[in-house]
Each structure stands twice: as structure tokens, then as C-alpha cells.
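Q: Everything below, folded, please.
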Amino acid sequence: MHKDRLCKDTHELITVRMWVCSKEGYRSKKNIERIDRVHGPRGQIREGCQAAMKINFDKKKMLWVVTEFENHHCHKLLSGKHSQFLRSHRCVDDCDIAQVQSLGSVGVKTSQVMDHLLDQSGSYSAVGHTRKDLQNRLDTILRYIGDVMSFDTTYRTNSYNRPLVIFVGVNNNTKTTVFGFGLLVDEIVNTYT
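A: Numbering: from 1, shown residues only. Predicted coordinates for the structure are as follows:
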């Protein structure tokens, strides 16, 4: 099941919510019959399943009420051992990200960290995500970080008694990187530009 439709009132509060089967509906024909397709079409996932649940918020009783419920699926359901691969069951939590970042800071690769998480949990279903999910979450975090650069002038602490300028940043592995440095002749504005 996944979230499908919702309705809001004039105060932007959700009043109607609907969940449908992940195999609900059919793929759009325009996506199947594209002439300019670079890759072959993906396998069909959606099969027109009608299983759904709709709830409405009753403002008088201040309760959510199930108004529609269709339990019949037109396909076989996954067994319990495969349910961890459903999109709704896969999530990378903050604890796992913290472990990846702390182990990554000492040179452990993401794939090795995933093996470590599997050893800790005992199985993929207990971990709750795949290697690809973990890598995608890390990529998203790095996109938010962006480029970071620090400009530091250490005041006359070298043997030449000149200001030392250091350009320091963070690379895509969140490691500190020195981009460059230099000794300045003086401290006027034109020297810095």
C-alpha cells in the first residue's frame, strides 16, 4: 500500500486520505510506446489492482472514519520474507547514517559498512534497507552539504612574519581538504583580491 490521494479543507488540514495497492492502475501508454526511448522499457509493476482504503475526518466527532475498504488484490501478495523489499518498508534511519559517517571518516567503505550493519542486525529484513538505499541517502545528504570552503589568515606565526592564508574545504567524502595556501606581502584589500 502507498499513499495516493488527499483532500484538504480551507485551513489546509487534511480531511480525506486514501491508500492504494502499489500495483494500482496501469502504466501510462505514452511511457510504454515512446519512440525516442534510450533504454528498453522496465518490467510492468502495476496490474490494475483495486485494493484500497479511504478515511475521512469527522469534524463533529473529531475522529478518523474508514469510509471505503477494498481488500481484494488481483495478484499474489509477497511472502513475509520478501516484504523488506517493498518501498514502504525500506528506510535508512539516522543511526545507520551516523555509523556510516563515523566509519567512513576512518576510511571504511560504504559497502563494508553495510556488511557491518548486516552482521549487527542478522538479516536484510532487520536492517530495513539495501546497499543502494544507503548509497542514495548518502548522495542526498552530500547534495545538501554542497561546497564548503574556509578562508583562514593565521596572523604572523611563521618565520617570515607574514600572514599565511589557507583555503580549506570539504570534499565529496566529507574529508577536510587543503585547496591552497600562500604567504601575503601585506594586509591591504588589493592583496586579498
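Q: worst-scoring helix or strand of this structure, pLDDT-wise?
A: In the chain, the helix or strand scored least confidently by mean pLDDT, DSSP states H and E is strand 149-154, which has a mean of 62.
Q: Can you name the element that comes right after it?
A: Heading C-terminal from strand 149-154, the first helix or strand you meet, by DSSP states H and E, is strand 164-170.
Q: who does that next one pair up with?
A: Applying DSSP bridges, strand 164-170 is found paired with strand 149-154 (antiparallel), strand 176-183 (antiparallel).
Q: all strands for this structure, in order.
A: 2-8, 14-20, 52-58, 63-70, 149-154, 164-170, 176-183 (DSSP state E).
Q: Turn these into TSV, columns for mean neighbour count.
A: Using the backbone N, CA and C atoms, a C-beta is placed for each residue, glycine as well. Below are the strands of the chain laid out as TSV (neighbours: other C-beta atoms under 10 Å):
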stretch	mean neighbour count
strand 2-8	11
strand 14-20	16
strand 52-58	16
strand 63-70	11
strand 149-154	11
strand 164-170	15
strand 176-183	11
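Q: Quick one: closest of those strands to His129.
A: Closest of those to His129 is strand 2-8, at 17.0 Å (criterion: C-beta to C-beta).
Q: could you give the angle of that closest one to strand 52-58?
A: Relative orientation of strand 2-8 versus strand 52-58 (axes from the mean of the first three to the mean of the last three C-alpha atoms, to 10 degrees): 30 degrees.
Q: For strand 2-8, which helices and strands make contact with it?
A: Helices and strands touching strand 2-8, by 3 or more C-beta pairs under 8 Å, 6 or more residues apart in numbering; DSSP states H and E, are strand 14-20.
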